[in-house]
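J.: sharing a sequence plus its predicted fold:
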Amino acid sequence: MTDLIGSDTGIFYELLAVNAYAKQFINELKPLSEKQKENIRGYFKNEEIAKILLK
């Protein structure tokens with residue numbers, strides 16, 4: 001995707017990540033691993049998104 005839009009950061013990529021976690025919650029009914037929680041805390045610039053995912 002970086003080649004197509006010229007970036008690999010920003011709201012578009014944050015929404016892709018949120019969607020992947022949402023699919024895990026909804027489709028797999030699987031909780032976050034400790035590594036995923038660590039990744040969420042480190043990745044999202046918007047702390048509110050991280051708080052929602054971690055809740």
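T.: All right, it came through fine.
J.: okay, S7: pLDDT?
T.: Note on S7: pLDDT of 61.
J.: swap that for N46, please
T.: 84.
J.: and it, what does it touch?
T.: Taking Cβ atoms under 8 Å, 6 or more residues apart in numbering, we find N46 in contact with E14. No exception for glycine: its C-beta is placed from N, CA and C like everyone else's.
J.: distance of it from P31?
T.: 22 Å (Cβ to Cβ, to the nearest Å).
J.: tell me, how many residues neighbour the residue nearest to R41 when sequence neighbours are not counted?
T.: Spatial nearest neighbour of R41, excluding adjacent residues (Cβ to Cβ, 6 or more residues apart in numbering): A50 at 5.9 Å. By the measure other Cβ atoms under 10 Å, the count of residues near A50 is 19.
J.: what distance do you get for A50 to F25?
T.: Computed as Cβ to Cβ, the A50 to F25 distance reads 15 Å.
J.: also K45?
T.: For K45 relative to F25 (Cβ to Cβ), the value is 22 Å.
J.: now do E38
T.: 18 Å.
J.: my guess is K37 contacts K55, does it?
T.: No - between K37 and K55 there is no contact under Cβ atoms under 8 Å: 11.3 Å.
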